[in-house]
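Engineer: All I have is the shape, not the residue letters:
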């Protein structure tokens, strides 16, 4: 195919256009987020930074239960019937505010046992911002994702990080050094402001919500599965940081988490592609795994090169961390080189997991993630007390690598079972080409 024709084909693709919007929005978000992390590191120092990230990791593990999967429920059902928008929009608000308040109370009461009495204020403040603010923004971004309006989805994500960067810079210029508790309060304020802006945007764009308690209860079981799935993801991503904080290894936690933040940023280009493609998996779900697995294979062919480039880039550029974050993070250079393969592993298990979710097989994905989370906990339980952040890094590599293998084994195994049972193959309408809409 001539190059010009190929370019025109790509320009006409909805999926490619959405991926570009997500990449542009998240690319700017990467720059802003990177600046925010490095300013915050200088603002807090490695020890206070370690205290903060340990608390954030603990709150994040419970955060998925505040919206109870309502954003993904919206995406699944409204993608098929847009007339149901008001009911599922109302379900997002009702679920997030109800369970968010319950979780804030639970974290406040359990804080002395979870992180010690001295960190109760930090945990409670972060919980308010995360459960009632940040998770509402996440669910609302999934509304625009369901309608394939990725420009707005990316803008909402950028808004939160931009506000955090602005606040961090102002605090750095004004005070030069603050405590973890002071940043927790600032972060809560940013999250609440972002949530208000997000709600107003949906009201102006699509209209008012409708509330139906029976619908919320009917979808609660499915939402619970999505919530548990999100929790297991947070567990194997953030449990190591919470455990480093629990063992009092705050300096090591700051070193390790700084490197892990760079890993998260490096995964953004791949994540933007999967976020843009995620509604397509639900749309192809009627065709079974034969349809969704084809899309998964095509996506992984596009993203595996990005994962390799990210790994090489992090390994080579790791020495820049101390220049950006301060010499208290010198050891983050080695930590980043340990972790540089994680974006590649994430691409594999995220892609296969999305293919399973698209046909209603989220419980299988949840099972794989639960095995990964339990395995990660067992590894960290032994490795962190003996090897500090090096043990956490080794556990992360084994967890993400093992989950990638497990998800693809499940995908191909379940597809083979589907074929043996005589499920008809999808017709031409189920075919998805990355170069066509």
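Structural biologist: In hand now; what should we look at? Model, not experiment: these values are computed from the prediction. Numbering: from 1, shown residues only.
Engineer: quick one: the helices in the stretch 301-437 of the chain?
Structural biologist: In chain order, the stretch 301-437 of the chain shows helices spanning 321-325, 332-339, 342-358, 362-420, with DSSP state H, counting those that start in this stretch as the criterion.
Engineer: Quick check: which of those is buried the most?
Structural biologist: helix 342-358 (a mean of 26; mean count of other C-beta atoms under 10 Å). Backbone N, C-alpha and C define where each C-beta goes, glycine included.
Engineer: Would you mind getting the angle between that one and helix 362-420?
Structural biologist: For helix 342-358 against helix 362-420, the angle by axes from the mean of the first three to the mean of the last three C-alpha atoms, to 10 degrees is 70 degrees.
Engineer: In this structure residue 33 contacts residue 266, no?
Structural biologist: No: with contacts counted by C-beta atoms under 8 Å, residue 33 stays clear of residue 266, the gap being 11.3 Å.
Engineer: Between the two, which is the more surrounded one?
Structural biologist: In terms of neighbours (other C-beta atoms under 10 Å), residue 266 is the more surrounded of residue 33 and residue 266; the figures are 25 against 22.
Engineer: For residue 353, give me its contacts.
Structural biologist: Residues in contact with residue 353 (C-beta atoms under 8 Å, 6 or more residues apart in numbering) are 365, 368-369, 407.
Engineer: okay, those in TSV with distance to residue 214 and pLDDT next?
Structural biologist: Converted to TSV, those look like this (distance: C-beta to C-beta, whole Å; pLDDT from 0 to 100):
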residue	distance to residue 214	pLDDT
365	28	90
368	32	91
369	30	89
407	35	94
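Engineer: Under the pLDDT cut-off, which ranges of the stretch 101-250 of the chain? List them.
Structural biologist: Within the stretch 101-250 of the chain, the stretches with pLDDT under 70 are 114-118, 230-231, 234-236, 246.
Engineer: mind running it again at 90?
Structural biologist: Counting by pLDDT under 90, the stretch 101-250 of the chain contains low-confidence residues at 106-124, 134-135, 138, 141-166, 168, 171-184, 187, 212-250.
Engineer: Helices along that one, start to end?
Structural biologist: Using DSSP H, counting those that start in this stretch, helices in the stretch 101-250 of the chain cover 120-129, 135-146, 150-175, 180-205, 213-218, 220-246, 250-266.
Engineer: can you tell me which of these comes nearest to residue 68?
Structural biologist: With C-beta to C-beta as the criterion, residue 68 lies closest to helix 220-246 of the helices of the stretch 101-250 of the chain, at 4.4 Å.
Engineer: and the angle from the closest one to helix 135-146?
Structural biologist: Here helix 220-246 runs at 130 degrees with respect to helix 135-146, directions being taken by the same axes, to 10 degrees.
Engineer: about what we covered before: between the contacts of residue 353, which is nearest residue 165?
Structural biologist: When the contacts of residue 353 are compared for distance to residue 165, the smallest value, 31.2 Å, is given by residue 369; criterion: C-beta to C-beta.
Engineer: how close does that closest one get to residue 406?
Structural biologist: Between residue 369 and residue 406 the computed distance is 9 Å (C-beta to C-beta, to the nearest Å).
Engineer: Appreciated, that's everything.
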